[in-house]
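Colleague: predicted model, plus sequence, below.
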Amino acid sequence: MRVGQGGSGPGPRTPDGSAIEMYEQAEAHGEDELIDQAIDPRSSILELGCGTGRITRPLLARGHEVVAVDESAGMLAHIPETETIQATIGELRLGRRFDVVLMMSYLINVADDAERLRLLRTCAQHVRPGGSVLIQQQLPTQLAKPVVLESERGRMEISDVEHLPGNKVAATVTHTRDGRTWSQRLLTQNLTEEQLAGQLTEAGLRLAEYLTPDTSWVRANPVATGPQGVDPDGYDDDFAAGRSPSA
């Protein structure tokens, strides 16, 4: 999660400071096609951190069944087309498993190892044996330096960049669209492949492949513990004791 450290601009905001109106205006830019090509037709998908449904709706249109999760009721109010669940991802326990668990928007880059592990454990507890966890991660170049990007959709500026110990980066991101401006201070952590693979393993997952050449999209699979694969409902005792499920 690119953790919001407060923000400014018009309209309501989520608990982490994200501007709901700005997210409502955002559109998919090929992510749904990438996801669709990586999974089976008509898959059941648990989308974690769905926002206002920027990717939810295109996936539904492609014939997938999507359950959309976000901690913001304001975000979820924009997704009447499917089942929505208001919850904090790290505390989510649905007692259901899905063909695919989707975690986008750089949630994996939360600058806290314990919180990241909670997110990954939620993924592991909700993916069926033989299923996939698809993760979008931030690249080190994305918040590396101040930059201004102009497009037909508006203007985005990255400013006040601070490189902190442990591959952490703080930056202010400002979006301007139709004369309206939203600004948010973010704190993120770039992950090495070893860090990512290690935490996936600790959560009961394994890094299976990168879906894109730039490594921004990752597929992880549940670690099989026997002929029937992983049983997510069996994780709780091990997790509470601080142990990883055996591979």
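Modeller: Now that the structure is in, tell me what you want to look at.

Colleague: check which helix or strand the closest residue to residue 163 other than its chain neighbours maps to.
Modeller: Leaving out its chain neighbours, the residue that sits closest to residue 163 by CB to CB, 6 or more residues apart in numbering is residue 169, at 5.8 Å. The way it works is simple: take the backbone N, C-alpha and C, and place the C-beta from them, glycine included. Residue 169 belongs to strand 168-177 when assigned by DSSP states H and E.

Colleague: next SSE after that strand?
Modeller: strand 180-189.

Colleague: buried residues, that following strand. List them.
Modeller: 181-189 (16 or more other CB atoms under 10 Å).

Colleague: among those residues, which pair sits farthest apart?
Modeller: Within the buried residues of strand 180-189, 181 and 189 form the most distant pair, 26.9 Å apart (CB to CB).

Colleague: buried residues in stretch 73-82?
Modeller: 74-76, 78-79, 82.

Colleague: got it, and stretch 122-131?
Modeller: For stretch 122-131, a neighbour-count test (16+ other CB under 10 Å) marks 122-129, 131 as buried.

Colleague: same question for stretch 147-166.
Modeller: Buried positions in stretch 147-166, judged by neighbour count with 16+ other CB under 10 Å: 154, 157-158.

Colleague: what is the helix of greatest length in the chain packed up against?
Modeller: Counting residues, the longest helix found in the chain (DSSP state H) is helix 113-126. Packing partners of helix 113-126 (3 or more CB pairs under 8 Å, 6 or more residues apart in numbering; DSSP states H and E): strand 44-48, strand 98-103, strand 127-136, helix 193-203, strand 205-210.

Colleague: so what touches the shortest one?
Modeller: Looking back up the chat, that one is strand 44-48. Residues outside strand 44-48 that contact it (CB atoms under 8 Å, 6 or more residues apart in numbering) are 39, 55-56, 59, 64-69, 89, 92, 94, 96, 98-104, 107, 119, 122-123, 126-127.

Colleague: please compute how far that strand lies from its chain's middle.
Modeller: 11 Å (CA atoms, centre = their mean, to the nearest Å).

Colleague: again, but for the third one
Modeller: Average the C-alpha atoms of strand 127-136, do the same for its chain, and the two points are 13 Å apart (CA atoms, centre = their mean).

Colleague: partner strands of it, parallel or antiparallel?
Modeller: Strand 127-136 sits in its sheet next to strand 98-103 (parallel), strand 217-222 (antiparallel), going by DSSP bridges.

Colleague: next, the angle from the first one to strand 44-48.
Modeller: When axes from the mean of the first three to the mean of the last three CA atoms, to 10 degrees is applied, the directions of strand 98-103 and strand 44-48 differ by 20 degrees.

Colleague: and strand 98-103 with strand 205-210, angle?
Modeller: Using the same axes, to 10 degrees: strand 98-103 against strand 205-210 is 80 degrees.
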